[in-house]
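# curious how this folds, go ahead:
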Amino acid sequence: MTTVISVRFHNGTKTYYFDPRGVEVQTGDDVVVETSQGLEFAHCTQGTHQVEDDQVVQPLRPMIRIATENDRNTDAYNRTREKEAFDICQKKIAAHKLEMKLVRVECSFDGSKIIFFFTADGRVDFRELVKDLAGVFRSRIELRQIGVRDEAKMLGGLGICGRPFCCAQFMDDFMPVSIKMAKTQNLSLNPTKISGTCGRLMCCLKYEQDAYEDALKRLPKNDSFVLTPDGPGNVSDVNVLKETVNVKLDERNDGSRCYHNCEICVLRNGKGSREGIEIPDKRPERYVEEREDPAIPAVVSDFSPEPFSDDEMPGEDAGEKRRRRGRGHRGGKKHASGAKKETEERTAPKEATVEVRPAVKAEPKQNEGRRRNRRGGHKSSQNAETVTAKPAVVAQGSEMPHKRTHRGGRRHRGGAPKAEG
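Next up is the predicted model:
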């Protein structure tokens, strides 16, 4: 085992190992390390730890020191110097009329070297540009031509998935991606859908390639001759993610049916003739997905309230109980004893009794004469005679006849009560 620290430079996402030389470094500390390009300022992503010997590239370069305040100020000055160098280099490129695109500028920690990264379609003669830049910065100048994938990694951005570029976020190195991966995953071969912002195939095609290759080894190919629980047929489509196949049965003409991979028996994998293939008499069993019903917690049954009696209502005093009982007798729900008593009264035989009501002397209406005058009548309220009501004979237990009452509207001419002569 080798004791190392993991550091990452500000210009990339790749992690490098360095020898801490017995110093206990914590995660998140800034350190100054020795590289092949000289001293560099780096950020510690993992403190002092041990790794296998085969993971370390020899010779293991040492860490010089943990960064001080002066080292942080020097790094901040170099970042400012890089911005100025970027603007000056763009002006020089335009002056020399070179077909190149400046991407990034990096300045070494000690300020002895400045590196310019650019992209171009072909070879570019930038010898005169280097002389001009060296005369301006009085440092060693280096120009490096990079590809479009490196450009996307340096600049960063958002992909079509809405997340930051994988290469700019966590990928250490670029992985080889081919168009065969898109075919294996049944993706559209439209370049705009399978290409990233850099114009190359998306790096994420490599992530699931191993899972697709492993699943395809267990699934039959298209046009394979298989035996299903419903009879023999040919495979028309394969779903790799669900591991299901669509089979067009020989005995049915209602289209293809979907079966799980464990429900079919492959008699011939791929295209070919059926001659000489024996169809087994025993058909495969159907696939039954086992689903466990979610256990309902027992605490749910504790919430079913039990009915309270009139004397056991919680939170009620004696006065509230009396008011509640009074409301029940005035039209609310009746008690069981009251309901029973009412039922007995309805079912008991009733005696026919005759009630004679006394005659009621009707008082003359004061405004009746005025209404008649308005309608053209000649009688006044003073000439109205007293009307004596006839006694009504009503049998007890029978309902009163419906009496039409006046609601305040206009009456007909013949609607006034007649006086007895």
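# just the element for Cys258, please.
Element membership for Cys258, per DSSP states H and E: strand 257-260.
# can you give me the helices in the stretch 101-250 of the chain?
Under the criterion DSSP state H, counting those that start in this stretch, helices of the stretch 101-250 of the chain are mapped to 127-137, 148-155, 166-169, 179-184, 191-194, 209-218.
# to Arg200, which of the ones you listed lies closest?
Proximity to Arg200 (C-beta to C-beta) singles out helix 148-155 among these, at 5.7 Å. C-betas here are computed from N, CA, C, even on glycine.
# okay, now the domains of the chain?
The chain breaks down by automatic domain parsing into domains covering 2-67, 77-146.
# for Gln145, which residues are in contact?
Listed by C-beta atoms under 8 Å, 6 or more residues apart in numbering, the contact partners of Gln145 are Met100, Phe117, Phe118, Thr119, Ala120, Val124.
# and if you look at Glu251?
Here Glu251 is in contact with Asp230, Gly231, Pro232 (C-beta under 8 Å, 6+ apart).
# how much space between it and Met171?
52 Å (C-beta to C-beta, to the nearest Å).
# if we can go back for a sec, among the contacts of Glu251, which ones are in strands?
Among the contacts of Glu251, the members found in strands (DSSP state E) are Gly231, Pro232.
# from the contacts of Glu251, keep the buried residues only.
Neighbour counting by 16 or more other C-beta atoms under 10 Å classes Asp230, Pro232 among the contacts of Glu251 as buried.
# quick revisit: of the contacts of Gln145, buried ones?
Met100, Phe117, Phe118, Val124.
# any chance of the contacts of Glu251 in a markdown table, plus distance to Arg144 and pLDDT?
What follows is the contacts of Glu251, written out as a markdown table (distance: C-beta to C-beta, whole Å; pLDDT from 0 to 100):
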| residue | distance to Arg144 | pLDDT |
| --- | --- | --- |
| Asp230 | 64 | 87 |
| Gly231 | 66 | 87 |
| Pro232 | 63 | 88 |
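# wait, which of the contacts of Glu251 is closest to Asp29?
Looking across the contacts of Glu251 and measuring by C-beta to C-beta, the closest to Asp29 is Asp230, at 67.0 Å.
# any idea how far the spatially closest residue to that closest one that is not a sequence neighbour lies from Lys282?
Spatially, and ignoring its direct neighbours in sequence, Asp230 is nearest to Leu249 (5.7 Å; C-beta to C-beta, 6 or more residues apart in numbering). Note on Leu249: its distance to Lys282, by C-beta to C-beta, is 17 Å.
# and Gln209, by the same measure?
37 Å.
# show the pLDDT at the nearest residue to Val136 once chain neighbours are set aside.
Sequence neighbours aside, Ile88 is the residue nearest to Val136 in space, at 6.1 Å (criterion: C-beta to C-beta, 6+ apart). Ile88 is assigned 91 on the pLDDT scale.
# am I right that Ile88 sits in a helix?
Yes: when classified by DSSP: H, G, I helix; E, B strand; the rest coil, Ile88 is found to be part of a helix.
# how many residues are close by it?
Ile88 has 15 neighbours, counted by other C-beta atoms under 10 Å.
# touching, it and Asp132? I think so.
No: assessed by C-beta atoms under 8 Å, Ile88 is found out of contact with Asp132, at 9.1 Å.
# more neighbours: Leu249 and Lys282, which one.
Leu249 (16 against 7).
# so what pairs up with the more buried one in the strands?
Gly233 (DSSP bridges).
# quick revisit: what about the buried ones among the contacts of Gln145, which are in strands?
Using DSSP E, those in strands are Phe117, Phe118.
# closest to Gln37 among the buried ones among the contacts of Gln145?
Phe117 (14.2 Å).
# dump the residue contacts of the closest one.
Per C-beta under 8 Å, 6+ apart, neighbours of Phe117: Leu102, Val103, Arg104, Val105, Glu106, Arg144, Gln145, Ile146, Asp150, Met154.
# and the fourth one, bridged to which residues?
Counting by DSSP bridges, Val105 forms beta bridges with Phe116.
# that one: how many residues sit nearby?
Neighbours around Val105, by other C-beta under 10 Å: 20.
# what does Asp29 give?
Neighbours of Asp29 (other C-beta under 10 Å): 16.
# what sits against it?
Contacts of Asp29 (C-beta under 8 Å, 6+ apart): His43, Cys44, Gly47, Ile66, Ala67.
# please name the nearest non-neighbouring residue to the second one.
So the one you mean is Cys44. Asp29 (4.7 Å).
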